[in-house]
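> Okay, here's the prediction I keep looking at, along with the sequence it came from:
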Amino acid sequence: ANQAARHGQLEQARRILSAAVFNLSASALGSQGDSTILGLIASLRDCLKDLGDQQQYSSVGDKKMICMKMAHTRQRSMNLGSTDSYATSATMSMKSYFGSRLASM
């Protein structure tokens, strides 16, 4: 999808991501509410939001797709809600602590 979007084929990129969302949702694990699959679906839907036009894709979507791909392929628990399934309890605790500290500023 990212490669198609880089070549200006945003509609093709949207079709690719939409098909992936559909297939994951229809899978056995998706139907059972598996947290990893739900995280992947959330990431794909988030990426779809940034394929509205070429400017939005270039300024945000391209970087977001790369970031999410790296997070999921390396199972990194970073500041993306859709990667929480990779987080340890310590990571989640720190995330919560820093989030509450930022909210109080």
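Cool, the structure landed.
> From here on, just use CA atoms for contacts and neighbour counts.
Fine.
> quick one: the residue nearest the centre of the chain from Ala5, how far?
Among the residues of the chain, the one closest to the centroid is Ser43, at 2.0 Å (CA atoms, centre = their mean). The spacing between Ser43 and Ala5, counted by CA to CA, to the nearest Å, is 16 Å.
> do Ser27 as well
26 Å.
> Settle it for me: which of the two has more neighbours?
Ala5 (20 against 13; other CA atoms under 10 Å).
> low pLDDT regions in the chain?
72-88, 90-92, 94-99, 105 (pLDDT under 70).
> So in it, which helix runs the longest?
In the chain, assigned by DSSP state H, the helix with the most residues is helix 10-26.
> Check which residues of it are buried.
10, 13-14, 16-18, 20-21, 24-25 (16 or more other CA atoms under 10 Å).
> List the contacts of Arg6.
Each residue near Arg6 by CA atoms under 8 Å, 6 or more residues apart in numbering is listed here: Asp62.
> meant to ask about Ala26, not that
Here Ala26 is in contact with no residue (CA under 8 Å, 6+ apart).
> Return the distance of it relative to Ala19.
10 Å.
> residue contacts, Leu48?
Leu48 neighbours (CA under 8 Å, 6+ apart): 14, 17-18.
> Now with 6 Å, please.
With contact set as CA atoms under 6 Å, 6 or more residues apart in numbering, Leu48 has no partners.
> hey, where'd the helices end up in the protein?
Using DSSP H, helices in the chain cover 2-6, 10-26, 28-31, 35-49, 54-56, 62-73, 89-103.
> deepest of those, which one?
Greatest average neighbour count among the helices of the chain goes to helix 35-49 (a mean of 19), per mean count of other CA atoms under 10 Å.
> so that one versus helix 62-73, what angle?
Calculated by axes from the mean of the first three to the mean of the last three CA atoms, to 10 degrees, helix 35-49 forms an angle of 170 degrees with helix 62-73.
> centre of the chain versus helix 35-49, how much separation?
Relative to its parent chain, helix 35-49 has a centroid offset of 5 Å by CA atoms, centre = their mean, to the nearest Å.
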